[in-house]
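S.K.: Okay, predicted coordinates and the sequence, questions at the end:
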Amino acid sequence: MSKNNLFLAFDFGAESSRAVCGALENNKLTLKEIYRFPTGMLSLNGHLYWNIYRFYEEIIKALNLCTKKENIYPFSLAIDSWGVDFGFLAEDDSIIRIPYAYRDLQVTEAMPDFHKIMPPEKIYSLTGISMQPFNSLYHLHAMRRSNDLALKSAKRLMFIPDLLNFLLSGEKKTEFSFATTSQLYNPFGECWEEKLLESVGLDLSFMNEIIEPGQVIGLLKDDICRQSGLKKAHLSSVCSHDTGSAIVAVPAEEKDWAYISSGTWSLMGLELEEPLVNDKTFEYNFSNEGGAGGRFRFLKNIMGLWLLQQCREKWKQTGDDCDYSVLLNEAENAPPFRVLIDPDYEKFFNPPDMPAAIDDYCRLTSQNKPGSRGEYVRVILESLALKYRYVLDQLREVSGRQINTIHIIGGGTRNKMLCQFTANATGRKVVTGPAEGTAAGNILMQAMACGQVGSLEEIRSIVKNSFDPEYYHPEDAREWDRAYKNFLKLVK
């Protein structure tokens, strides 16, 4: 196989990260995971950070595994990650302190405080981005309120993929899909929004040029090639927000479909040709984030499998078997609809003890708390599926679309119970896969950057040809309808 058909995706997730090699041949993509490592927020002196230097070291390790163990020499590589988080470069291009993580608690009060400066309606009209306390805009405001020295010393704002791309190539660029997540980008003017930058003490000189996904950024630095044994490799621009890359790999055929990118977060929405911004989408707190081909991901953030991940972290401390397969088996044997929660309850954002936070919610809503691990898991999965139905109803209302099919992509596709619950709750056919949708989308956008693929439609044709989907059809409609009526009392 030609080296020009080999690509390497670095997909950084909030729980774990991976390096995945993709080979494109005869209109078919094959994937091979080269390396996986825990991402992990660093807790230090009361703050949460991302150790960007460790991420760089993991990239170098993965490149060495490619060449020295797997005999793989990728023609191109690219990076995607979760959204919003950023760091800074100083005048001499050194990184000023490792970046804060979006779950750092300094953001808690920043959003309502910023809304005293600029009302949320105005922010939404400029950006089309939902009001979320972890958005880059509010984290910058939190840093300004605290007279953060990193912000005072900064000369350039760099998002997480920007920083890693800079360390690998020396190039300073920001890709379109990631720029939109920041709440600093104006999709109508197709530019950074100066009013918002000024409100947090920045100007355009702090911001990178915005580039589209599907083009070459530059070449890997010579010293990195020497360390890894690569002779030359391109660094490509893909949808560097992981959800953007995942949506690229949705093997959709019809027009009336919605997606759920399922992982630590659940991102549920539609693919649109242009932003959808009006009073109702503001009321429902929908975001318009950039995607491939100049399209927009009209979506809502839902707390997702974070709740289960954090319960599992707590249970691990007891020394019991906490493998996901064990937990899901226990949930299968737990009684249905014993308790319901709103997954987006604000105190689920980053509690020290997630099972205790769920117990508190049950007391607050006059419900009996779950009685076993299996019940906690079932409560989380049933409530997530019901929240998907709630958001589906809103999507149908504001878009006018019927929405007959829901495509679920990402790691959450491996949770078959949640996939079946989603079909049950929404009354819609659910199609899942690929599980490594983000890596697949990343790799195929690299192929576009390098001239191997011509369009988003061709990419989706390749995905269809390469991966076998699973189908879930609605069951137990009456029981789920009754549960939904009870769920509505919680969220309304």
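M.R.: Done, it's in. Numbering: from 1, shown residues only.

S.K.: where does the longest helix along the chain sit relative to the chain's centre, distance-wise?
M.R.: Scanning the chain for the helix with the most residues, using DSSP state H, yields helix 373-399. Chain-centre distance of helix 373-399: 18 Å, with C-alpha atoms, centre = their mean, to the nearest Å.

S.K.: ok, now stretch 231-241?
M.R.: Per C-alpha atoms, centre = their mean, the centroid offset for stretch 231-241 relative to its chain is 19 Å.

S.K.: buried ones in that stretch?
M.R.: Within stretch 231-241, the residues scored as buried using 16 or more other C-beta atoms under 10 Å are 233-241. All C-beta atoms are positioned from the backbone trio N, CA, C, and that covers glycine.

S.K.: What lies in contact with the helix or strand just after the longest helix of the chain?
M.R.: Counting by DSSP states H and E, the next helix or strand C-terminal to helix 373-399 is strand 405-409. With contacts defined as C-beta atoms under 8 Å, 6 or more residues apart in numbering, strand 405-409 is touched by 246-247, 249-252, 254, 256-262, 388, 392, 419, 422-423, 426, 428-435, 437-438.

S.K.: Can you flag the buried ones in the residues you listed?
M.R.: Listed as buried from the contacts of strand 405-409 are 246-247, 249-252, 257-262, 388, 392, 419, 422-423, 426, 428, 430-435, 437-438; burial here means 16+ other C-beta under 10 Å.

S.K.: Sitting in strands, which of the contacts of strand 405-409 do you find?
M.R.: Under the assignment DSSP state E, the contacts of strand 405-409 contribute 257-262, 429-432 to strands.

S.K.: before we move on, the earlier item: want to throw the buried residues of stretch 231-241 into a markdown table with pLDDT?
M.R.: Formatted as a markdown table, the buried residues of stretch 231-241 follow (pLDDT from 0 to 100):
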| residue | pLDDT |
| --- | --- |
| A233 | 95 |
| H234 | 97 |
| L235 | 98 |
| S236 | 98 |
| S237 | 98 |
| V238 | 98 |
| C239 | 98 |
| S240 | 98 |
| H241 | 98 |
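
S.K.: tell me which of these is nearest to L137?
M.R.: Here the nearest of those to L137, counting by C-beta to C-beta, is H241; it sits at 15.7 Å.

S.K.: residues in contact with the closest one?
M.R.: Contacts of H241 by C-beta under 8 Å, 6+ apart are 80-83, 175, 177-178, 180-181, 289-290.

S.K.: Swap in 7 Å and give it another go.
M.R.: By C-beta atoms under 7 Å, 6 or more residues apart in numbering, H241 lies in contact with 80, 83, 177-178, 181, 289.

S.K.: taking the buried residues of stretch 231-241 one by one, which sit in strands?
M.R.: Under the assignment DSSP E, the buried residues of stretch 231-241 contribute 234-237 to strands.

S.K.: Was I right to think P213 contacts M445?
M.R.: Yes: using C-beta atoms under 7 Å, P213 is in contact with M445, at 5.2 Å.
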